[in-house]
Every structure is written in structure tokens, then in C-alpha cells.
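[1] kindly generate the corresponding structure for this input.
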Amino acid sequence: MLSSKPGTPTAVFATVGAQHDPEKSLARAIRQASLLDVPLACATNGHDIVEHFSSSRRTVRIKLPSSPTRAWRAYMRLHGLSPDGGHLIGRDYDRSLLPGRKSDRRLRYYQVVAMNRALAAYSRDEGKALLHLAPGTGTTLTSMALISKLVNYRLKYHEGKPFGIVYLDNRSQFTTPYGPAGTTVKFGKDDEISLTIASLDTPVAKLPKPAETDFLVMNLSHGGNTIDPDIWKKILSTYSKAFHLAIIGVPQSQARPIYEYFGLAIYRYSAEQAKADHTLERDGTPVGPTQGEGPEETGLADEDYWALSSKDSRERNTHIERLIRVSGIVRLADQAAATKAREAAEFKALQAGEKALAERIWALAMVAQQGGRAGRAARRQAKWLLDLEAIAEAQDQVGGEAAVLRHIEFLSQVLDATSDVLVTGPNRSDAY
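    Numbering: from 1, shown residues only. Next comes the predicted model:
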């Protein structure tokens, strides 16, 4: 995955061994590009590169990849961005707002897509937008990162101009990375940008004046289908001139008034997708895939299940909540043990593959020293192995667990492909 701007991916790369056609892995790159909302998918075998732009739907074979500038222009065309909209999407968010170690503070892929689609709708002056993100998938962090990116954009390109942001949550007691409910944060040299954090039931008289509010975020994902339409309708009518962004986590059948006002969601990340990605959390505690968000796993009726998302209902269902939490802890312990064993096995396999590859390259170097046709062929193949190993190591450093597995598979394929080079002589070596 490559990024032309901080925090915004614009291209996806897939790799195969040098003996394979890169088009064989292009379909995988296209699927990942669609998932990440990027316009460019590429595949390479270390020698040739195959590119596919989603806008033209054409596949071309090239020697050098497209430049970051070209990929960024394709991203802007894909999302209908003006130059000013490109400046907005291209700004990075404040990573200090996110939990974890400093080097690991980044949004998940679906949070980046949701954030950038909402900001793209704002840049196109669409007036309102709806995001459907399942409860427990980090909607508060997504909202704060979106606000942070918007603030950074305003400070860079509209410095000194007043801009008001209001963030409303349908929980009565909550906190955000910027502070708890009732917090007002100022940005800029002259405090020209203001962020007000409040609960949805806060009286309108205690909120900023409509004339001072330009961007309104309503996070409705924590209350299920218990949201009173009269409350948010009054707020939207009060701030009619501001851009309206709503985040909701229930299906359309359970929140018809919201969908009737906003229309279809510009991005949808369902509980089923979250379970498959292992990204669900409950009060900050990860939820395993077999204990995911959904009535079928808890044995509750739809209404009772969604009511568990609200604080008051959880207090009335402490026994059920305790059973769910204990079950999740047990599953997490089992998953941690399995993960540790798998990582140890992967590391052992990686070490064995690296050692075998080093021995193979050394043997080829010995043959190369003898000169002649066989020596030249051995030297070319040793260089080929070193080049591919460098590519695999680079992917391993940035690709995480999946890249490690591909690295092990790569080593196995390379060793199989070169297993008989020292026996069959120069005719076999020339084929590589």
C-alpha cells in the first residue's frame, strides 16, 4: 500500500515470484484497492509491472510504476475533488489523539475510508452525509480524526477565518480524545477555530450559536434504535446552514427517519465485516469473531441487543453484560496463546528459509568463480535471488503479518525453483 499524501493511500501493490506473470496477482490487488477506496492497483514480479486504474478500467504493462503525483490526480478524479478538496483530504490527522505506541498510532482502513468520504462530501458542498459504522468499531476516534484533519486544513489554507465545529454524542456521559462532554477547544493563533463537545440531549441554548457553527457531527452509533427523532431533528433545523454529518450503527429498517433525511449512507461498515476483520470492541475491550456484535451470537431479540449499546440499558442488564465480558476474556486468552504459537512457528520457518537461501546463493557464487558459461549463469541467478530477497524484506517490514507469510511462501518457491541448478548445468540456469 502506497500513499501520496499522509494517511491517505492511493495505490496497492501485489507481488509474485520472478518466474510468474504479474497479472496473476493483479486481481488480488484490484480487490484490495476497492476495499481501500484507491484508484490504482499494481502487480509486479520484480521485472515487469502491471497497472490497473479504476477510472479507465484498463490494464497496462510498464517498466516503471506511476508517479505519486499521477496516483494522487487519479484519486482526486475518483472522488470528484477540486484542488481545494484535494488540500483537505491531503492533510494528515493528529495521531496523538489515537491510543497505542507513537509508531503504531494510525486509523484502521475502514476508518480512513469513512473519514475521507465524509470530508470529500463536505468539499463538494453536498450539505449532509451519513456514515453507517457498526457499534464498537471506533466511531468516536474516527470522528475526532476527521475533525483533526479538518482543523489542520483550516489552519493551513484558511488561517484567521472563524470556523465552528460541534460534536454531539447520544450518550449522556462520554469522553473523547479532546475531552469529555461539555468541553470547548480552541485552535489557531487567534482562537478562530472552535470545537464544542456535548451530548445530544444538551439544550440548544447551551450550544454555540448557529451563525458560529459550520460543521456539525452527530455520533448516533451508541444508542441503537432508542434515538428520539425529535431531538436530532430540532438540532438539524437549528443548525440548518452547517454541514451535517451523522454516524449511525443500526440498519435502515430500525432508523428510518434518519435515512429519510440523509439518504443512503456514503460508506457502510457492517457488524459482519467487523467480525470478519476482528475489529469490534466493547468498552475498549476487543471482541472475538465468534462473540461479535449481533443478536444471533447473544441470543437476544433485536430490540434487546441494540439496547445493550446504551449506558442505561447496560446497567439494567449487568448479568448479561458480565457473561459476555467473561466469555470474551476466555476467548481472547485462547486467541493470544494461538497467536503466540503461530508467530513462533512463522519465525522459525522464516529463519530456516533465510538460511537455506543464503546457502544457495553462496553455492551459486562458488560456481560463478569458475568462469565460463556456467559461471556467468550462476552469477546472474545469484543476483536475481538477492534482488528478490531485498523486495521481500522491504514488504516484510511494512506489510505486517500477511507480508511475513508471503515472505515464507516466497522463500519456499525460490528454493524449489533453483533446487537443481547446480546439477543440471548451464542450459537449466539460462531459463531463469
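[2] contacts and neighbour counts: CA atoms only from here.
    Noted.
[3] show me the contacts for residue 36.
    Contact analysis of residue 36 by CA atoms under 8 Å, 6 or more residues apart in numbering lists 9, 109, 110, 113.
[4] whoops, I mixed them up, residue 181
    173, 174, 175, 197, 198, 199.
[5] low-confidence stretches in the protein?
    100-104, 223-227, 281-351, 353-355, 357, 383-432 (pLDDT under 70).
[6] let's see which of the contacts of residue 36 end up in strands.
    residue 9 (DSSP state E).
[7] and the two most separated of the contacts of residue 36?
    Distance extremes for those: the farthest pair is 9 and 110 at 11.8 Å, using CA to CA.
[8] before we move on, back to that, among the contacts of residue 181, who's most crowded?
    residue 198 (26 neighbours; other CA atoms under 10 Å).
[9] residues in contact with the strand or helix carrying it: which ones?
    Element membership of residue 198, judged by DSSP states H and E, is strand 193-199. If you take CA under 8 Å, 6+ apart as the criterion, strand 193-199 is touched by 151, 161-173, 179-187, 207-208.
[10] try it again with 7 Å
    Strand 193-199 is contacted by residues 162-172, 181-187 when judged by CA atoms under 7 Å, 6 or more residues apart in numbering.
[11] what do you get for stretch 16-34?
    Identification of contacts with stretch 16-34 by CA under 7 Å, 6+ apart yields 11-15, 39-46, 49-50, 410.
[12] put the buried members of those residues into a PyMOL selection.
    Here is the PyMOL command that selects the buried residues among the contacts of stretch 16-34 (16 or more other CA atoms under 10 Å):
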select buried, resi 11+12+13+14+15+39+40+41+42+43+44+45+46+49+50+410
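[13] ok, of the contacts of stretch 16-34, which one's closest to residue 234?
    Closest to residue 234 out of these is residue 39 (39.3 Å), distances taken as CA to CA.
[14] how about the contacts made by the closest one?
    Residue 39 sits next to 10, 11, 33, 53, 54, 55, 74, 75, 78 when contact means CA under 7 Å, 6+ apart.
[15] related to what we said a few turns ago, have a look at residue 9 and residue 110 and say which one is more surrounded.
    Using other CA under 10 Å as the criterion, residue 9 and residue 110 rank with residue 9 on top: 23 against 20.
[16] so who does the more buried one touch?
    1, 2, 3, 38.
[17] of those residues, which is the most crowded?
    residue 38 (28 neighbours).
[18] so how far is residue 61 from the nearest residue to that one once chain neighbours are set aside?
    Among residues not flanking residue 38 along the chain, residue 10 sits closest, at 5.0 Å (CA to CA, 6 or more residues apart in numbering). Distance of residue 10 to residue 61, computed by CA to CA, to the nearest Å: 19 Å.
[19] between the two, which one's more packed in?
    Using other CA under 10 Å, the more surrounded residue of residue 10 and residue 61 is residue 10, with 26 against 16.
[20] quick one, the one helix or strand residue 216 maps to and strand 193-199 angle?
    Assigned by DSSP H and E, residue 216 belongs to strand 215-219. Put simply, strand 215-219 runs at 30 degrees to strand 193-199, going by axes from the mean of the first three to the mean of the last three CA atoms, to 10 degrees.
[21] run through who's touching the helix or strand that strand 215-219 is followed by.
    Heading C-terminal from strand 215-219, the first helix or strand you meet, by DSSP H and E, is helix 229-238. Helix 229-238 is contacted from outside by 210, 257, using CA under 7 Å, 6+ apart.
[22] buried set for helix 229-238?
    Residues of helix 229-238 classed as buried by neighbour count (16+ other CA under 10 Å): 232, 235.
[23] run the angle between that helix and strand 215-219 for me.
    Taking the same axes, to 10 degrees, one finds helix 229-238 and strand 215-219 inclined to each other by 170 degrees.
[24] which helices and strands sit right next to whichever helix or strand comes after helix 229-238?
    Using DSSP H and E, the helix or strand that follows helix 229-238 in sequence is strand 243-248. With contacts taken as 3 or more CA pairs under 7 Å, 6 or more residues apart in numbering; DSSP states H and E, strand 243-248 sits against strand 128-133, strand 215-219.
[25] shouldn't residue 88 be within a strand?
    No. Residue 88 is assigned helix when assessed by DSSP: H, G, I helix; E, B strand; the rest coil, not a strand.
[26] right, and it touches residue 153 too?
    Yes. Counting by CA atoms under 7 Å, residue 88 does reach residue 153; the two are 5.5 Å apart.
[27] neighbour count winner among the two?
    residue 88 (24 against 21).
[28] got a list of what that one touches?
    Residue 88 neighbours (CA under 7 Å, 6+ apart): 150, 153.
[29] hey, where'd the strands end up in the stretch 201-350 of the chain?
    Along the stretch 201-350 of the chain, the segments classed as strands by DSSP state E, counting those that start in this stretch run 215-219, 243-248, 267-269, 281-282, 285-286.
[30] among those strands, which is nearest residue 66?
    strand 267-269 (27.9 Å).
[31] okay, now the sheet partners of that closest one, with direction.
    The pairing partners recorded for strand 267-269 under DSSP bridges are strand 128-133 (parallel).
[32] next helix or strand past the strand it pairs with?
    Remark: after strand 128-133, the chain's next helix or strand is helix 139-157, criterion DSSP H and E.
[33] for that following helix, which helices and strands make contact with it?
    Counting contacts by 3+ CA pairs under 7 Å, 6+ apart, helix 139-157 packs against helix 109-123.
[34] strand 128-133 and the helix it packs on, what's the angle between them?
    Using the same axes, to 10 degrees, helix 109-123 lies at 170 degrees relative to strand 128-133.
[35] check which residues of helix 109-123 are buried.
    In terms of neighbour count (16+ other CA under 10 Å), helix 109-123 has its buried residues at 110-123.
[36] dump those residues into a markdown table; add distance to residue 362 as well.
    Below are those laid out as a markdown table (distance: CA to CA, whole Å):
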| residue | distance to residue 362 |
| --- | --- |
| 110 | 45 |
| 111 | 47 |
| 112 | 45 |
| 113 | 46 |
| 114 | 50 |
| 115 | 50 |
| 116 | 49 |
| 117 | 52 |
| 118 | 54 |
| 119 | 54 |
| 120 | 54 |
| 121 | 57 |
| 122 | 59 |
| 123 | 57 |
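[37] going by distance to residue 83, which of those wins?
    Out of the buried residues of helix 109-123, the member with the shortest distance to residue 83 (by CA to CA) is residue 123, at 9.8 Å.
[38] which residues touch the closest one?
    residue 85.
[39] kind regards, and thank you for your time.
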